[in-house]
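*Asks:* With the input below, show me the fold.
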Amino acid sequence: MQMHFEFEGEIFEWRGPAPHYFIAVPEEQSRDLKAIQRLVTYGWGVIPAQVQIGSTLFKTSLFPRGDRFLVPIKVSVRKSEQLEKGDVVKVRLAVAC
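*Replies:* Predicted coordinates:
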């Protein structure tokens, strides 16, 4: 069984030794993910997911951050979809439960 989510979010940059880009999962969907987190995490509360942005489909892990989850946006996805910080994009997300 899979849970499916669809939402729009703004790409933001998280600075560190190397910059990383994310989209925050909205509060309502994050609550739904939190409810299944213990069943699907492989450690540290991280949830494996399949994500689609534009025509690009990729696997990643959702990171818990406060009351929300963050979707990391890989460099290859940003390049293929021509995305930059500040862009608002539609995200399709599937989590196996």
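
*Asks:* A strand includes residue 51, no?
*Replies:* Yes - applying DSSP: H, G, I helix; E, B strand; the rest coil, one finds residue 51 inside a strand.

*Asks:* That one contacts residue 70, doesn't it?
*Replies:* No - with contacts counted by CB atoms under 8 Å, residue 51 stays clear of residue 70, the gap being 11.6 Å. Where you see a C-beta, it was placed from the backbone N, CA and C, and this is true even at glycine.

*Asks:* Where does the residue nearest to residue 3 when sequence neighbours are not counted fall, secondary structure wise?
*Replies:* Using CB to CB, 6 or more residues apart in numbering and skipping the chain neighbours, the partner closest in space to residue 3 is residue 95 (4.9 Å). Here residue 95, judged by DSSP states H and E, is contained in strand 88-96.

*Asks:* Going by neighbour count, which residues in that strand are buried?
*Replies:* 89, 91, 93, 95 (16 or more other CB atoms under 10 Å).

*Asks:* Kindly report the same for stretch 60-76.
*Replies:* Going by 16+ other CB under 10 Å, stretch 60-76 has these buried residues: 60-64, 68-74.

*Asks:* right, and the pair among the buried residues of strand 88-96 with maximum separation?
*Replies:* Using CB to CB, the two most remote members of the buried residues of strand 88-96 are 89 and 95, lying 18.7 Å apart.
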